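A.B. asks: This is the structure alone, sequence omitted:
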């Protein structure tokens, strides 16, 4: 089952300002956001949705205004050009892993199930979690755990993994979890969530892909076009926030003699929108969601 779309009304309210316009949903999944966007469009409107997961193709929408593109959204600009589209009125991205991917135990995303170490959003790609855990150097693993999982004990974790795999390949999520059985029970859930997040981000190159998508979204948006992004952890949100503020991920923009700089976007609201208590109660995935919207200057 695919998850209920998070911040559905708020995100589409921000996104769709022209019923005759052309829009992009970067993360089709179960099609919840896409269906809501289509409900706001006239017969002249168009929607292009992206999803690299083959399972998502089963949710295709039979609508002449709709096109589902089976690609990673890092190929946003070129994929749209193949359909003769160079500019759009709005881009929406609901980031992270879908409930469907978590619920399919064999995909290896969930900390609750014993499954092969996989974690690929695109099952056709070569790199999976098993290769990361068994082939990466100790220093590489430590960096992944520290930067992507924000785990302070990253070096020890990497050392434990490298020591263990010398005698036996780490094949499954349970094999991996057993290495850290010494953890106190009250720390286990949060620790595994951070560990699995770190591995998943590396396997799918999520932060690099997000950066590429944001840059391309800016390129394809018309002036006054809108970029709406829903993120689920601080690493994503930090990138989105910085990019919407000044069109950069690192450093500071060049300022004129008055201290002003050229903005990439005007923010609709200075603070992120978060789900209300009712939505969180109905959909636990919404708990960590943050939505930011920018209007291209």
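C.D. replies: Perfect, I can see it now. From a predicted model like this one, the values you see are computed outputs, not experimental measurements. Numbers count the residues shown, from 1 in each chain.
A.B. asks: gap between stretch 192-199 and the chain center?
C.D. replies: Put simply, stretch 192-199 sits 15 Å off its chain's centre (C-alpha atoms, centre = their mean, to the nearest Å).
A.B. asks: what does that stretch contact?
C.D. replies: Contact partners of stretch 192-199, identified using C-beta atoms under 8 Å, 6 or more residues apart in numbering, comprise 109-111, 117, 119, 129, 132-133, 144-145, 147-151, 157, 173, 176-177, 180, 233. To be clear about C-beta, it is placed using only N, CA and C from the backbone, and glycine gets the same treatment.
A.B. asks: and those, which are buried?
C.D. replies: Among those, those classed as buried by 16 or more other C-beta atoms under 10 Å are 109-111, 117, 119, 129, 132-133, 144-145, 148-149, 151, 157, 173, 176-177, 180, 233.
A.B. asks: Those residues in helices, which ones?
C.D. replies: Of the positions in those, 129, 132-133, 144-145, 148-149, 157, 173, 176-177 sit in helices, assigned by DSSP state H.
A.B. asks: End to end on stretch 225-245, go ahead and measure it.
C.D. replies: The first residue of stretch 225-245 is 15 Å away from its last residue (C-alpha to C-alpha, to the nearest Å).
A.B. asks: Against residue 39, how distant is residue 170?
C.D. replies: Note on residue 170: its distance to residue 39, by C-beta to C-beta, to the nearest Å, is 47 Å.
A.B. asks: all strands for this structure, in order.
C.D. replies: 22-25, 46-50, 66-69, 88-94, 221-231, 265-267, 290-296 (DSSP state E).
A.B. asks: elements contacting the fourth one?
C.D. replies: When you say that, I think you mean strand 88-94. In terms of contacts (3 or more C-beta pairs under 8 Å, 6 or more residues apart in numbering; DSSP states H and E), strand 88-94 is packed against helix 8-15, strand 22-25, helix 32-40, helix 206-220, strand 221-231.
A.B. asks: That one - what's its average pLDDT?
C.D. replies: Mean pLDDT, computed over strand 88-94, is 98.
A.B. asks: Next: the last one.
C.D. replies: Model confidence over strand 290-296 averages 98 on the pLDDT scale.
A.B. asks: Also the shortest one?
C.D. replies: Per-region confidence: strand 265-267 scores 96 on mean pLDDT.
A.B. asks: neighbouring strands for it, and are they parallel or not?
C.D. replies: Sheet pairing of strand 265-267 (DSSP bridges) gives strand 290-296 (antiparallel).
A.B. asks: Same check on the second one?
C.D. replies: Based on DSSP bridges, the pairing partners of strand 46-50 within the sheet are strand 22-25 (parallel), strand 66-69 (parallel).
A.B. asks: one step back: let's have the helices and strands packed on strand 88-94 in TSV, adding mean pLDDT, distance to residue 140 and mean neighbour count.
C.D. replies: Formatted as TSV, the helices and strands packed on strand 88-94 follow (pLDDT from 0 to 100; distance: least, C-beta to C-beta, whole Å; neighbours: other C-beta atoms under 10 Å):
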stretch	mean pLDDT	distance to residue 140	mean neighbour count
helix 8-15	98	36	19
strand 22-25	98	34	28
helix 32-40	97	35	20
helix 206-220	97	15	19
strand 221-231	98	25	22
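A.B. asks: what's the residue closest to the geometric middle of the protein?
C.D. replies: residue 95 (2.7 Å; C-alpha atoms, centre = their mean).
A.B. asks: mind listing what that one touches?
C.D. replies: The contact partners of residue 95, taken as C-beta under 8 Å, 6+ apart, are 27, 206, 210, 229-232, 236.
A.B. asks: One more pass at 6 Å, please.
C.D. replies: Residues near residue 95 by C-beta atoms under 6 Å, 6 or more residues apart in numbering: 231, 236.
A.B. asks: cool, residue 92 as well?
C.D. replies: Contacts of residue 92 by C-beta under 6 Å, 6+ apart are 15, 25, 33, 228.
A.B. asks: Tell me the spacing between it and residue 244.
C.D. replies: Where residue 244 is concerned, residue 92 sits at a distance of 14 Å (C-beta to C-beta).
A.B. asks: gap between residue 124 and residue 26?
C.D. replies: Going from residue 124 to residue 26 by C-beta to C-beta gives 19 Å.
A.B. asks: Can you list the low-confidence ranges for the stretch 51-200 of the chain?
C.D. replies: By pLDDT under 70, the weakly predicted segments of the stretch 51-200 of the chain are 98-108.
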